[in-house]
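Visitor: predicted model and sequence below, questions to follow.
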There are 2 protein chains.
Amino acid sequence: MTIVPNFQTAIDLEKLEKLGEVAVRVGLGLEKGQDLVITAPLAAVPLVRFITKHAYMAGAGIVSAFYADEETTLARYQHAPDASFDKASDWLYEGMAKAYANGAARLAVSGDNPMMLAEQDPAKVARANKANSMAYKPALEKIANFDINWNIVSYPNPAWARQVFPDVPEEVAVRKLADAIFAASRVDVADPVAAWAEHNGNLKKRSSWLNGERFSALHFTGPGTDLTVGLADGHEWHGGASTAKNGITCNPNIPTEEVFTTPHALKVEGYVSSTKPLSHQGTLIDNIQVRFEGGRIVEAKASRGEEVLNKVLDTDKGARRLGEVALVPHSSPISASGILFYNTLFDENASCHIALGQCYSKCFLGGASLSQEQIKAQGGNSSLIHIDWMIGSDQVDIDGIGADGTKVPVMRKGEWA
Amino acid sequence: MTIVPNFQTAIDLEKLEKLGEVAVRVGLGLEKGQDLVITAPLAAVPLVRFITKHAYMAGAGIVSAFYADEETTLARYQHAPDASFDKASDWLYEGMAKAYANGAARLAVSGDNPMMLAEQDPAKVARANKANSMAYKPALEKIANFDINWNIVSYPNPAWARQVFPDVPEEVAVRKLADAIFAASRVDVADPVAAWAEHNGNLKKRSSWLNGERFSALHFTGPGTDLTVGLADGHEWHGGASTAKNGITCNPNIPTEEVFTTPHALKVEGYVSSTKPLSHQGTLIDNIQVRFEGGRIVEAKASRGEEVLNKVLDTDKGARRLGEVALVPHSSPISASGILFYNTLFDENASCHIALGQCYSKCFLGGASLSQEQIKAQGGNSSLIHIDWMIGSDQVDIDGIGADGTKVPVMRKGEWA
Ligand SMILES: [Zn+2]
Ligand SMILES: [Zn+2]
Ligand SMILES: [Zn+2]
Ligand SMILES: [Zn+2]
C-alpha cells in the first residue's frame, strides 16, 4: 500500500519530459517573461511538472496550473442540487480571460476520460456544459481570435487508455497510449524540435497551394456523403505553425496534420456522414448523419448519443452552422496507426473534418484586423461551441470548385490528388 | 509499480470523510446555493474530494478547487529567471476576491511541507511572498473583515508528517499525524457535530467573561518575557463559532482552542520570547526575542531564521506591530498531545500567542460597520501579513489591567486563573 499521492508512472519519463519541452518550445513558443496558464486533468500532474520546468527554463514569469478532477465532477452529478447545473466557475474563467488580456500564454493538457459523463443525465450534462461555455466565452474568444499563443497537448490518462485499449491490463494500455501520443507528437525522434520544423514546412506547402487556387467551395463525395461546403469570402488556409496577434509563432495543436479554413456559414448544402465516433465531453456520438440547407443543419441523426447531439445543436443559433473545414490525408501517421483515440485532437488529425460553431478569425485574409461584423458579412460563423467531427476516409473524394464552376481534384480516396 | 495517479492512502478514510463533513457543516456552515472556493496542497486530494462531496450534499452551487504543487514551486526556484520572483498569479487572486464578493465561501486545506523552501535563497523567498501577499490582498481583506464564512482545516501531507515524526517510517508518520489531526479536530468521537457545539459553548463562556472585564491591557510575565499588550479601544473578544457579515455562523479554524482580540497597535511595551518554533512559508524561525516601544518592534533576534524574520518585519509599516493577542490554556488538548506540529494552525492552539500584522475588524464592538479609518483610530493595525507566533507556556503568568490600573489574574502558570 502506498502513501498518498503517488505519481510514479509506467510511462517513459524521458519521452514525457521531451513532450513537455516540445509543448513549451514548439507548441507555445513561450517568450521570456511571459506568464503561462495551464489547465489539465489531475492525472496529468507528471506532465504539468515537466511543462512548468521547461516554461521556467524558457524564462516564464509565473506559471499557474488548474486541475480538473473527474472524482469531484462525478460527485457533483451524484450529490449537487438541481440548481448547481446552471452554474460555472465564472470567477476562474474571467480571471483566465484577464490573464490572456495581460499577455499570458495558454496551455491545455487534454486526456480526460472520454466516457466520464456517459452514465449521467444528458439534460444536466447539457445545462452544465452551456453554463461553462458561457462563463468561458471571454477567454475562448481570446484563443479563437488568436490574440495569444496557445497549445493543446495530451497526457495518457489511465481512464482514457482503458477506453482506447480495453483488452489489455491498465498498465499496458497506458504504455501503449503513451507511445502512440509520443509518436504522433513527434517526440520519439532524436531531435523533436527539428522534426517539427520539417513537418511545419510540409503543411505550409499544402496551405499555400490551396490559398493560390482560391476555391469558392469544396465538394465531398463518399458513402452517405454528398456535401458542398462553400468557403467564406476572403478565407485563408492555415496549417502547422502560425503567428498569433501578439507576434509569437506557435503550434496550437500537438499533434497536428490538418490544413483548415473557414466555410461560409450560409453556403453549405447536402448531406454528410461521420466516419469516426465523436467523443463529446464524456459522451460518445456515433454514425452522425446530417443534412444542410442554406448552411444550416435541418436534420440530424446518430446511432448513439443522438439526444446529446441534438442538445449540442440547440446550444445557440450558430451551433447548427459550420465554423471550420479541414483536410487531412488518410495516410497521415495517426490514421496509419489504426488507433481510434476517442479524442478529437487525435482523431480529427486522422481524417478530413468539419466543425460546428465558432470560426477562427485568423482563417480570413487580414483576419487580425476584421471586426465581428465584417467576419459575419464574409460568412464567418459565431457560436459558444466549436466541435470538430470526422468525415474523411479512404472512400471520400474531394473536388475544389472555382468561382467559374471549374472543378479541380483535391483528394482522391482520401489522399492528396 | 503503480499507474499514475494513486491516491490510495494509509489514512483512516472514514475519519477523513468525517473531517470533510465537519469542515463543511461546522467549519463553513455552508448554505444551500452557496459557491465554494477550495485551496489545497496537491497531496490533499482525498480530503478535497470528501469536502466537495459534502459541500454538494449541503446544497453547494459550484465548488472549485485550486491545488498548490510543491514540485512546481521548487521548479520555479531552480529554473525561473530572476524577474519571476516579483510576480504572482494576480488573475487567480483577483478572481477569488470576486468570487467572495459574489457570496462564495472559502476553505483552505493546510498541510504544506513546512521545510519546503528551507534551502532556497531567502531574498527570493521574501520577494515571492511579498508579490503574493500584494496580489492576494483584496481576497484576504474579505476574509480578514469576515465578509464571508471561511474555514481552514488540515491534511496529513507526507512531507509534513516526516517533519513532525522524523524517527518512524513515512507511512507510520502519516498515520500518527492523521490521528493527531482527527483528535484535535474532534472527529474521533461518535458525534463530531455535537462535540463541536459543546466546545463552542465553553469558548463562548471565556470570551464573555473577558468582554465583561473590559481590560485596557494584558501583562505577560515569564522567562525572557515582560510584555504589556494594550488592547484596542472598543476591542471585543471572540472564540469558537462566530457569525460572518453574510450572516452565516462558521468555525474559521479547525482545530481552535483560543479566545482572541485586537491589541492597540501603538500601546505595546516590553520584551517577549517565543516558546515554540514558528514555521513560516517553508522556513523555521526559532527562539524569537523582540522588544517593543510604542507598539513597534525595535529589536528582533532569533536563533534560527533571523534573516527571514527581519525580512518579514520589513514587509510594510504594519508588519512590526501586533494585530492579534490570543489566550490558550497550557492544558489544551493540542498542548497535552506534546506534539510540535510545525504548523501555526495547531501550534497556536497549544499556546497563548500574538500575531504580527493585520488585525480582525470583527474583534471590535460593532466592528462590521467600522470604516478602515475608525479601526485605525481605535488602535487596529493594518498590514499585508498576519503571522501568529507562540508566547505561552506553563511558566507564563498573565494579568488583566483595568482602566484604573487594577490587576486581575487571568492566567497562572499557563492555566485560567
Ligand atoms: Zn481542425
Ligand atoms: Zn476545430
Ligand atoms: Zn490566533
Ligand atoms: Zn492569528
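Guide: That came through, no problem. Only a predicted model underlies this, so the values are computations on that prediction, with no experimental measurement involved. Ligands and ions are numbered 1, 2, ... in the order given.
Visitor: just the helices in the stretch 101-250 of chain A please.
Guide: A:122-144, A:158-164, A:170-184, A:192-213 (DSSP state H, counting those that start in this stretch).
Visitor: now for the nearest residue to residue A:277 once chain neighbours are set aside, how many residues are close by?
Guide: For residue A:277, ignoring the flanking residues on the chain, the nearest one in space by C-beta to C-beta, 6 or more residues apart in numbering or on different chains is residue A:286 at 4.3 Å. Using the backbone N, CA and C atoms, a C-beta is placed for each residue, glycine as well. The number of residues packed near residue A:286 is 15, by other C-beta atoms under 10 Å in any protein chain shown.
Visitor: equivalent analysis for the one 10 residues further on, please.
Guide: Residue A:296 is flanked by 16 other residues according to other C-beta under 10 Å.
Visitor: what does residue A:382 give?
Guide: Residue A:382 has 19 neighbours, counted by other C-beta under 10 Å.
Visitor: where's the closest residue to ligand 4 within the stretch 51-200 of chain A relative to ligand 3, distance?
Guide: In the stretch 51-200 of chain A, the residue that lies nearest ligand 4 is residue A:91 (26.2 Å; C-beta to the ion). Distance, residue A:91 to ligand 3, using C-beta to the ion, to the nearest Å: 28 Å.
Visitor: try residue A:166
Guide: In this view, residue A:166 and ligand 3 are 54 Å apart by C-beta to the ion.
Visitor: residues in contact with that residue?
Guide: Residues counted as contacts of residue A:166 (C-beta atoms under 8 Å, 6 or more residues apart in numbering or on different chains) are residue A:173.
Visitor: same question for residue A:211.
Guide: Contacts of residue A:211 (C-beta under 8 Å, 6+ apart): A:236-237.
Visitor: recalculate using a threshold of 10 Å.
Guide: Contact analysis of residue A:211 by C-beta atoms under 10 Å, 6 or more residues apart in numbering or on different chains lists A:235-238, A:259, A:261, A:365.
Visitor: one more: residue A:81?
Guide: B:32-33, B:56-61.
Visitor: those residues, buried ones only, as a ChimeraX selection?
Guide: Listed next is the ChimeraX selection for buried residues among the contacts of residue A:81, using 16 or more other C-beta atoms under 10 Å in any protein chain shown:
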select /B:56,57,58,59,60,61
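Visitor: closest to ligand 2 out of the helices of the stretch 101-250 of chain A?
Guide: Nearest to ligand 2, of the helices of the stretch 101-250 of chain A and by C-beta to the ion, is helix A:122-144 at 9.8 Å.
Visitor: starting at the chain centroid, how far to that closest one?
Guide: Its chain's C-alpha centre lies 15 Å from the corresponding centre of helix A:122-144 when counted by C-alpha atoms, centre = their mean, to the nearest Å.
Visitor: in that helix, which residues are buried?
Guide: A:122, A:124-136, A:138-144.
Visitor: excluding chain neighbours, what is closest to residue A:375?
Guide: Distance criterion C-beta to C-beta, 6+ apart; nearest residue to residue A:375, sequence neighbours excluded, is residue A:361 at 5.7 Å.
Visitor: need phi/psi at that neighbour.
Guide: phi -70, psi -20 (degrees, to the nearest 10).
Visitor: circling back to that earlier point, so which of the contacts of residue A:211 is the closest to ligand 3?
Guide: Nearest to ligand 3 out of the contacts of residue A:211 is residue A:238 (C-beta to the ion; 58.3 Å).
Visitor: mind listing what the closest one touches?
Guide: Residue A:238 neighbours (C-beta under 10 Å, 6+ apart): A:146, A:203-204, A:207, A:210-211, A:252, A:258-262, A:326, A:360, A:362-363, A:367.
Visitor: same thing with residue A:276?
Guide: Contacts of residue A:276 by C-beta under 10 Å, 6+ apart are A:286-288, A:335, A:340-342, A:344, A:347-348, A:350-351, A:353, A:389-393.
Visitor: swap in residue A:249?
Guide: So residue A:249 contacts A:26, A:28-29, A:149, A:200, A:241-243 (C-beta under 10 Å, 6+ apart).
Visitor: centre of the chain versus stretch A:146-153, how much separation?
Guide: Centroid separation for stretch A:146-153 versus its chain: 11 Å, with C-alpha atoms, centre = their mean.
Visitor: so is that stretch next to ligand 2?
Guide: No: judged by C-beta under 5 Å from the ion, stretch A:146-153 makes no contact with ligand 2; its nearest approach is 10.6 Å.
Visitor: tell me how far the residue of the stretch 51-200 of chain A closest to ligand 4 lies from ligand 2.
Guide: Residue A:91 sits 28 Å away from ligand 2, going by C-beta to the ion.
Visitor: quick one: residue A:372 and residue A:381 touch, right?
Guide: No: assessed by C-beta atoms under 10 Å, residue A:372 is found out of contact with residue A:381, at 11.4 Å.
Visitor: which one's more surrounded, these two?
Guide: Counted by other C-beta under 10 Å, residue A:372 and residue A:381 do not tie: residue A:381 has more neighbours, with 28 against 12.
Visitor: pretty sure the more buried one contacts residue A:321?
Guide: Yes: with contact defined as C-beta under 10 Å, residue A:381 counts as touching residue A:321 (4.6 Å).
Visitor: and for the two, which residues touch both?
Guide: With C-beta under 10 Å, 6+ apart, residue A:381 and residue A:321 have common neighbours A:263-266, A:268, A:295, A:356-357, A:359.
Visitor: and residue A:169, how many residues sit next to it?
Guide: For residue A:169, the count of nearby residues is 11 (other C-beta under 10 Å).
Visitor: which residues touch residue A:53?
Guide: Here residue A:53 is in contact with A:17, A:20-21, A:24, A:60, A:63, B:71-72, B:74-76, B:78-80 (C-beta under 10 Å, 6+ apart).
Visitor: what angle sits between the helix or strand containing it and helix A:170-184?
Guide: If you go by DSSP states H and E, residue A:53 is part of helix A:45-57. Helix A:45-57 runs at 30 degrees relative to helix A:170-184, counting by axes from the mean of the first three to the mean of the last three C-alpha atoms, to 10 degrees.
Visitor: continuing past helix A:45-57, what's the next helix or strand?
Guide: Proceeding N to C from helix A:45-57, the next assigned helix or strand is strand A:63-68, under DSSP H and E.
Visitor: can you lay out the shared contacts of residue A:381 and residue A:321 as a markdown table showing neighbour count and pLDDT?
Guide: Shown next, in a markdown table, are the shared contacts of residue A:381 and residue A:321 (neighbours: other C-beta atoms under 10 Å in any protein chain shown; pLDDT from 0 to 100):
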| residue | neighbour count | pLDDT |
| --- | --- | --- |
| A:263 | 28 | 98 |
| A:264 | 23 | 98 |
| A:265 | 25 | 98 |
| A:266 | 13 | 98 |
| A:268 | 25 | 98 |
| A:295 | 19 | 98 |
| A:356 | 24 | 97 |
| A:357 | 25 | 97 |
| A:359 | 31 | 95 |
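Visitor: on that earlier part again, tell me which of the contacts of residue A:238 fall in strands.
Guide: A:259-261, A:326 (DSSP state E).
Visitor: give me the subset of the residues you listed touching ligand 1.
Guide: Counting by C-beta under 5 Å from the ion, A:260, A:326 from the ones in strands among the contacts of residue A:238 sit close to ligand 1.
Visitor: mark which of the ones in strands among the contacts of residue A:238 are buried, thanks.
Guide: Buried members of these, scored by 16+ other C-beta under 10 Å, are A:259-261, A:326.
Visitor: can you redo those as a markdown table with distance to residue A:103 and pLDDT?
Guide: Formatted as a markdown table, those follow (distance: C-beta to C-beta, whole Å; pLDDT from 0 to 100):
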| residue | distance to residue A:103 | pLDDT |
| --- | --- | --- |
| A:259 | 29 | 96 |
| A:260 | 26 | 96 |
| A:261 | 28 | 98 |
| A:326 | 29 | 97 |
